[in-house]
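S.K.: give me the fold of what follows.
(2 chains)
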Number of protein chains: 2
Amino acid sequence: MNNFEITTPTTLIFGKDQLERIPEQIAKHTEEKKIIVLYGGGSVERSGFLDKLKTALSAFEVHLFGGIEANPEFSTLMKAVEYIREHQIGFMLAVGGGSVIDGTKFISGAVGYENDPWEVLLREPGKVFTTAVPFGCILTIPATGSECNSGAVISRSELKEKRTMGGPLFFPKFALLDPTFVATLPKRQLANGIIDAFTHTTEQYLTFTGENLLQERFAEGILSTLIEIGPKVLENPADYEMAAQLMYCANQALNGMLRCGVTTDWATHMIGHELTALHGIDHAQTLAIIGPRLYEMKFDNKKEKLAQYGKRVWGLTGDETSIAKSAIEKTEAFFQSLGVATRISQYDENCQNTPSIIKNRFIERNWVAMGERQDLTPDEVEQIVKNAI
Amino acid sequence: MNNFEITTPTTLIFGKDQLERIPEQIAKHTEEKKIIVLYGGGSVERSGFLDKLKTALSAFEVHLFGGIEANPEFSTLMKAVEYIREHQIGFMLAVGGGSVIDGTKFISGAVGYENDPWEVLLREPGKVFTTAVPFGCILTIPATGSECNSGAVISRSELKEKRTMGGPLFFPKFALLDPTFVATLPKRQLANGIIDAFTHTTEQYLTFTGENLLQERFAEGILSTLIEIGPKVLENPADYEMAAQLMYCANQALNGMLRCGVTTDWATHMIGHELTALHGIDHAQTLAIIGPRLYEMKFDNKKEKLAQYGKRVWGLTGDETSIAKSAIEKTEAFFQSLGVATRISQYDENCQNTPSIIKNRFIERNWVAMGERQDLTPDEVEQIVKNAI
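M.R.: Numbering: from 1, shown residues only, chains lettered A, B, ... in the order given. Below is the predicted model of the structure:
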């Protein structure tokens, strides 16, 4: 087992009818009475949730900042930063999915940063956030696990860039996970959430065998559960028990536990981010597009673990190579069964140059070795994207 | 899924050669330079570990307090409380297994408590610890999971009492888990650790089916892993990979995760504590004695989950009732295969009155409903203990 360190300080409050817990949670972390609610599109307004929330927060002076988009935009977030500085707000409450929560993490660091925060996202030497406005979150879309981790992905569409940030300062103080939100989501977001959680797991699992036997079983447990409940959630998002499973799986897939003691991959995400930046394809859709093609390209590396996955999760039998191949097919078929297309051309026909563009973007950024063996080459990235067209 | 709340703030540092991380971890939580190392028997002295630790802590004024026994004694712990008060020590470092860490949690609360701390353990109305001396721990015996949770069990042998305490104040600030300690442990402690982790899992798992599908798979993962690695650890405790698995399993079995969203039992522990108090039988041995007999007694309640356990963990086939029965037999045989006897009389022949004594102790303490359905009766407790003789 590899050495590891983990801290997961976020208080997780899971279940329905827990809104009245929020004021006590905020009070644990600030004496400020001025708070700001950050959210995305107008669905929390239209559904009446924002009004319920304001009632629950009646002891506070509540400011509102809506309009944080999917793949949260640097320019939008900087408006929130200015607003929070101007009004000297001491606590933030993110209400939304991964994009709103990720955006809130960026805002948290940027408020106290004196120069242009973009330089932090560019990882310029010595440029880091050293202060954080404390924040909690109410999760409305199960998918990214952002509610209990300290990472974030921020977009700057005019540069076609997606950049990551994070660190111990940026754990939410608390996360309220209420499965009743699942009933309000469109099928596309539900399918995306299932695939996002699934691929967060495979990124940390489809690498080496035997590094952490228990972690392997945890990962297989998440995958098996998502396969079991995914179709049921899509069929009836109002089924509270199934919705709760999806929310819990997505949370556990990226709360840090799965990386403990093992070597991770994350190349599917790295390549997928570029597809979102170039074509505006939903994050989870890019994972469904790239994942299976990456497993094929790095088949020799991953064969042993793919076979274990095929046996334990899909119940496949046979020789190792055929199980491993079938496991990739089963995975892609599962994504498709959720209504998610697994080819780039199904989203944007104008994609013939995409493989070489992505290859060159990686090279321009000073190529960093990717994959669990750090042996993925720029040419392989190009070929993976070609095979995914 | 039941509503739940969980916070696990302890920083977990896992692996070998991590001792130099301790000073930085202490410095995160205190500016005090006076610290005390709390430990158990002399094995950490004899092995030379204490000297290595003192070298690593050379920036601090290090006080020592040894002699915290298995089933930590109130009177011993109160001596440490007096010492810490007298020397105004600001940070504690527990070095040991669950008993030393549990004892440290009690000391943490008792130092700032003005009256007799025993009244807190008696749960007298309004009597609670409201301050805590911060502490970290170095785990030397994988078993209880105490290193990353906030609970403790304290003994007072002159009253033949074992009492529980805990709460958010009593999480270790950090826990260093170094699997190389496993190689130094006698087989009895290793077997105890395996059974302790196993039963912590079954207490939270062998209840209802379907409350939290993912949690069930996590629990099954821990049980499967312990069955796989347990015999290997006993055979060769110096096998680092197997030792690491045991340490990780024991940690995950009681870090709070398994209780999320489900109804738990814990009656095996409640009855087992009495066997330790009456006969001095090791904690884990009492679990091996009581667990199988309790599953038999509450077979109708637990049949469905026992069958799921039998199928998924032991690979059993057949009708539900026979799988459930075989699963109990397999469990007891597993404990025995680790060299642990599962009958009271194998530890102490003078046990004929034990069933009625234990029954009466529960009644005297104002009977609190036990078990996942809170339907365990005093007569059933007596019968379970009788059947375990």
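S.K.: now for A:Arg293, how many residues are close by?
M.R.: The number of residues packed around A:Arg293, counting by other CB atoms under 10 Å in any protein chain shown, is 23. Where you see a C-beta, it was placed from the backbone N, CA and C, and this is true even at glycine.
S.K.: next one: A:Glu20
M.R.: 9.
S.K.: quick one: contacts for the nearest residue to it once chain neighbours are set aside?
M.R.: Of all residues not flanking A:Glu20 in the chain, A:Ala56 sits nearest, at 5.9 Å (CB to CB, 6 or more residues apart in numbering or on different chains). Counting by CB atoms under 8 Å, 6 or more residues apart in numbering or on different chains, A:Ala56 touches A:19-20, A:22-23.
S.K.: from A:Gly136, how far out is A:Ala56?
M.R.: According to CB to CB, to the nearest Å, A:Ala56 and A:Gly136 sit 13 Å apart.
S.K.: quick check: bridge partners of A:Phe91?
M.R.: Listed by DSSP bridges, the beta-bridge partners for A:Phe91 are A:Ile35.
S.K.: isn't it up against A:Ile26?
M.R.: Yes: the criterion here is CB atoms under 8 Å, and A:Phe91 meets it with A:Ile26 at 5.7 Å.
S.K.: who touches A:Gly96 in this structure?
M.R.: Contact partners of A:Gly96, counting by CB under 8 Å, 6+ apart, are A:38-40, A:44, A:68, A:137-141.
S.K.: meant to ask about A:Leu223, not that
M.R.: Contacts of A:Leu223 (CB under 8 Å, 6+ apart): A:198, A:201-202, A:205, A:309, A:313.
S.K.: related to what we said a few turns ago, including secondary structure, could the contacts of A:Ala56 go into CSV?
M.R.: Listed next are those as CSV, based on DSSP: H, G, I helix; E, B strand; the rest coil:
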residue, secondary structure
A:Leu19, helix
A:Glu20, helix
A:Ile22, helix
A:Pro23, helix
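S.K.: are any of those residues buried, and which?
M.R.: Buried members of the contacts of A:Ala56, counted by 16 or more other CB atoms under 10 Å in any protein chain shown: A:19, A:22.
S.K.: hmm, back to that, can you check which residues contact both of A:Ala56 and A:Gly136?
M.R.: Listed as contacting both A:Ala56 and A:Gly136 by CB under 8 Å, 6+ apart are A:Ile22.
S.K.: secondary structure element for the nearest residue to A:Asn115 once chain neighbours are set aside?
M.R.: Closest residue to A:Asn115 apart from its sequence neighbours, by CB to CB, 6+ apart: A:Lys127 at 7.5 Å. Under DSSP states H and E, no helix or strand contains A:Lys127.
S.K.: repeat that for the one 10 residues further on.
M.R.: With the criterion set as DSSP H and E, the secondary-structure element containing A:Cys137 is strand A:135-139.
S.K.: tell me the helix or strand right after that strand.
M.R.: With DSSP H and E, the next secondary element past strand A:135-139 is strand A:151-156.
S.K.: now that next one: mean pLDDT?
M.R.: Mean pLDDT, strand A:151-156: 93.
S.K.: how about the next helix or strand after that strand: buried residues?
M.R.: Per DSSP H and E, the first helix or strand lying C-terminal to strand A:151-156 is strand A:161-166. Neighbour-count burial for strand A:161-166 flags A:161-163, A:165-166 (criterion: 16+ other CB under 10 Å).
S.K.: beyond strand A:161-166, next helix or strand please.
M.R.: strand A:174-177.
S.K.: helices and strands around that following strand, which ones?
M.R.: Counting contacts by 3 or more CB pairs under 8 Å, 6 or more residues apart in numbering or on different chains; DSSP states H and E, strand A:174-177 is packed against strand A:4-14, helix A:22-29, strand A:135-139, helix A:240-253.
S.K.: please identify the most buried of the ones you listed.
M.R.: For the helices and strands packed on strand A:174-177, the largest average neighbour count (mean count of other CB atoms under 10 Å in any protein chain shown) is found in strand A:135-139, namely a mean of 27.
S.K.: ok, the residue positioned nearest the centre of chain A - contacts?
M.R.: When chain A is reduced to its mean C-alpha position, the closest residue under CA atoms, centre = their mean turns out to be A:Thr144, at 2.7 Å. Contacts for A:Thr144 (CB under 8 Å, 6+ apart) come out as A:97-98, A:101-102, A:196, A:200, A:250, A:254.
S.K.: do you know how far it is from chain B?
M.R.: To chain B, A:Thr144 is 17 Å away according to CB to the nearest CB, to the nearest Å.
S.K.: same question, A:Ala191
M.R.: The value you get for A:Ala191 to chain B, if CB to the nearest CB is used, is 19 Å.
S.K.: tell me, how many residues neighbour that residue?
M.R.: 23.
S.K.: just to check, A:Ile154 is in contact with A:Phe74?
M.R.: Yes: with contact defined as CB under 8 Å, A:Ile154 reaches A:Phe74; the gap is 5.8 Å.
S.K.: intersection of neighbour lists for these two?
M.R.: In contact with both A:Ile154 and A:Phe74: A:106, A:121, using CB under 8 Å, 6+ apart.
S.K.: so which of the two has more stuff around it?
M.R.: The neighbour comparison of A:Ile154 against A:Phe74 (other CB under 10 Å) goes to A:Ile154, with 25 against 21.
S.K.: what bridges to the nearest residue to A:Gln25 once chain neighbours are set aside?
M.R.: Nearest residue to A:Gln25 in three dimensions, chain neighbours excluded: A:Phe174, at 4.4 Å (CB to CB, 6+ apart). On the basis of DSSP bridges, A:Phe174 is bridged to A:Thr11.
S.K.: A:Phe174: what's it in contact with?
M.R.: A:10-13, A:25, A:28, A:136-137.
S.K.: quick one, the longest helix along chain A and helix B:213-235 angle?
M.R.: Secondary structure of chain A read by DSSP state H shows that its longest helix is helix A:213-235. For helix A:213-235 against helix B:213-235, the angle by axes from the mean of the first three to the mean of the last three CA atoms, to 10 degrees is 170 degrees.
S.K.: give me the buried positions along helix A:213-235.
M.R.: By neighbour count on 16+ other CB under 10 Å, the buried set for helix A:213-235 is A:213-227, A:229-230, A:233-234.
S.K.: what residues does the stretch 1-150 of chain A have near chain B?
M.R.: Applying CB under 8 Å from any CB of the partner chain, we find that the stretch 1-150 of chain A lies next to chain B at A:1-18.
S.K.: just to revisit the earlier point, from the chain's centroid, how far away is the strand holding A:Cys137?
M.R.: Centroid separation between strand A:135-139 and its chain, computed with CA atoms, centre = their mean, to the nearest Å, is 15 Å.
S.K.: parallel or antiparallel, which strands does it pair with?
M.R.: Here strand A:135-139 is paired, per DSSP bridges, with strand A:91-96 (parallel), strand A:174-177 (parallel).
S.K.: helix or strand right after the longest one?
M.R.: Beyond strand A:91-96 in the direction of the C-terminus, DSSP H and E gives the next helix or strand as helix A:98-110.
S.K.: can you name every helix or strand that that next one contacts?
M.R.: Going by 3+ CB pairs under 8 Å, 6+ apart, helix A:98-110 lies up against strand A:34-39, helix A:74-87, strand A:91-96, helix A:118-121, strand A:135-139, strand A:151-156, strand A:161-166.
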